[in-house]
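Colleague: return atomic coordinates for the entry below.
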Amino acid sequence: MEEFIEKDGKKLRFGYTTGSCAAAAAKAAAWMLLTGQKKETISLITPKGVALTLPVLDITMEETRVSCAIRKDSGDDPDVTNGALVYAEVTAKEAPGIAIDGGFGVGRVTKKGLDQSVGSAAINSIPRQMIRENLEEILALTDQKCGLSVVISVPEGEKLAKQTFNPRLGIEGGISILGTTGIVEPMSEKALVDTIRVELNQRKANGDEYVLLTPGNYGCDFIRAGLALNPEQAVQSSNFIGATLDICRELGFRGALLVGHIGKLVKLAGGMMNTHSKYGDCRMELLAAHAGAAGLPPEKIGEILECVACDDALRILKDAGCFEKTLAGLTEKVLFHLRHRAGEDMEVGTILFSKEYGLLAQSDNAMELIEKLTKGK
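Modeller: Numbering: from 1, shown residues only. A predicted model of the protein is given here:
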């Protein structure tokens, strides 16, 4: 694709989804099957309205079946499926209609709460719709009354899936065929939030009423070592803590416990619900303000403001005897903003830690929430 978006002063190229690849490969294969003519490029319109013309690769034409592939292009988005070949094998059937299934390298759904039912190929609703509409277009163009069966496969899919959330979500054997617009927007925050939504939706569908949240790998390590819990129980929110709480509330969770490194969660004390550094870095200002309220002398407050890492600031607090009081006030403010975002119907709690000092502080309800999280598990 030659469409671009401007982000942070950089010109970034759009790509197209595995769903677009699957639909394009299926359309090309159907055309070749029903006309007997080789097709080296194929055009389609994505749900976003963007027209794609894509090279058709690795064509195998037989009398009763045709197989071909489209190479995934993620543009400037760091997608693990970039460059993977998405194949479609199309055969005719007597009964009218379009039958869609997944082959090698396309995952199978094994748990409730995902876009497709248990046992189905992990080809999501919009890609299925794209495949169906494009095959119906070919049937109309060739004036054929038969039905078509299409099997989507991704030879590298099983290997690639290990780098995705699929194993955690209960999708086994390969990647998912995804995409709601057909287009990949570079470094899309929406795509990341959508992934969080999928995982939370699955937890809710499996009957969970309380959810454990953490921004990332540091939190998972502490959950295992510091809380003796299974880190796979946690849903990773990345920087999107506010958006994650919004989804939890929307799905009707009764409670959420947020466990995170102080370098991330300190920003919540200032009401920052997206903690990415591009939205601001107020860590030392917040720590200094709470340290001052806890009685830290002005010259030490100045030292904290010069720190670049939270552990350095914590060391100053330790030496000055203001450690516990500062962290108590900070945690109270974090909890205030979490409760404000979560609303009255959902209980929230938090645990703060650092890599150097371990457990720093926790809300009064943290242990009670852990009991509710682990009940029956």
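Colleague: test my guess that residue 148 contacts residue 94.
Modeller: No: under the criterion of CB atoms under 8 Å, residue 148 is not in contact with residue 94, lying 11.0 Å apart. C-beta here means a position set from N, CA and C on the backbone, and glycine is covered the same way.
Colleague: quick one: which of these two has more around it?
Modeller: Between residue 148 and residue 94, residue 148 has the larger neighbour count (other CB atoms under 10 Å), namely 25 against 7.
Colleague: so what's the backbone phi/psi at the more buried one?
Modeller: phi -130, psi 140 (degrees, to the nearest 10).
Colleague: next up, the contacts around it.
Modeller: The contact partners of residue 148, by CB atoms under 8 Å, 6 or more residues apart in numbering, come to 30, 33, 90-93, 98-99, 135, 139.
Colleague: same check on residue 321?
Modeller: Neighbour list for residue 321: empty [criterion: CB under 8 Å, 6+ apart].
Colleague: tell me how far it lies from residue 311.
Modeller: The gap separating residue 321 from residue 311 is 18 Å, by CB to CB, to the nearest Å.
Colleague: can you check residue 28 too?
Modeller: As for residue 28, its distance to residue 311 is 56 Å (criterion: CB to CB).
Colleague: higher neighbour count, these two?
Modeller: It is residue 28, of residue 28 and residue 311, that has more neighbours when counted by other CB under 10 Å, with 30 against 14.
Colleague: near the closest residue to the more buried one other than its chain neighbours, how many other residues are there?
Modeller: Ranked by CB to CB, 6 or more residues apart in numbering and with sequence neighbours excluded, the top spatial neighbour of residue 28 is residue 42, at 4.1 Å. Neighbour count for residue 42, taken as other CB under 10 Å: 23.
Colleague: isn't residue 42 right up against residue 59?
Modeller: No: applying CB under 8 Å, one finds residue 42 not in contact with residue 59, separated by 11.0 Å.
Colleague: pLDDT wise, what is residue 211 at?
Modeller: pLDDT, residue 211: 97.
Colleague: who does it bridge with?
Modeller: Note on residue 211: beta-bridge partners residue 256, judged by DSSP bridges.
Colleague: who touches it in this structure?
Modeller: Residues counted as contacts of residue 211 (CB under 8 Å, 6+ apart) are 200, 203, 235, 248, 253, 255-257, 373.
Colleague: cutoff 10 Å now
Modeller: Taking CB atoms under 10 Å, 6 or more residues apart in numbering as the criterion, residue 211 is in contact with 199-200, 203-204, 233-235, 244, 247-248, 251, 253-258, 346, 369, 373.
Colleague: and residue 34, by the same measure?
Modeller: By CB under 10 Å, 6+ apart, the contact set of residue 34 is 66, 90, 92, 135, 138-139, 141-144, 146, 148.
Colleague: what does residue 225 give?
Modeller: 231, 353, 358.
Colleague: could I get those residues as JSON lines with secondary structure?
Modeller: Formatted as JSON lines, these follow (DSSP: H, G, I helix; E, B strand; the rest coil):
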{"residue": "231", "secondary structure": "helix"}
{"residue": "353", "secondary structure": "strand"}
{"residue": "358", "secondary structure": "strand"}
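Colleague: from residue 100, how far off is the closest residue to residue 127 other than its chain neighbours?
Modeller: Spatial nearest neighbour of residue 127, excluding adjacent residues (CB to CB, 6+ apart): residue 19 at 3.1 Å. Distance, residue 19 to residue 100, by CB to CB: 12 Å.
Colleague: what touches both of the two?
Modeller: 123, 127-129, 131, 152, 177.
Colleague: could you flag which of those are buried?
Modeller: 123, 127-128, 131, 152, 177 (16 or more other CB atoms under 10 Å).
Colleague: distance to residue 263 added to the residues you listed, as a markdown table?
Modeller: Below are these laid out as a markdown table (distance: CB to CB, whole Å):
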| residue | distance to residue 263 |
| --- | --- |
| 123 | 40 |
| 127 | 39 |
| 128 | 42 |
| 131 | 45 |
| 152 | 42 |
| 177 | 37 |
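Colleague: which of those residues fall within helices?
Modeller: 127-128, 131 (DSSP state H).
Colleague: of residue 19 and residue 100, which one has the most company?
Modeller: Between residue 19 and residue 100, counting by other CB under 10 Å, residue 19 is the more crowded of the two (29 against 22).
Colleague: which SS class is the more buried one?
Modeller: Criterion first, three-state DSSP; result for residue 19: helix.
Colleague: please list all residues in contact with it.
Modeller: By CB under 10 Å, 6+ apart, the contact set of residue 19 is 46-47, 86, 123-131, 152, 176-183.
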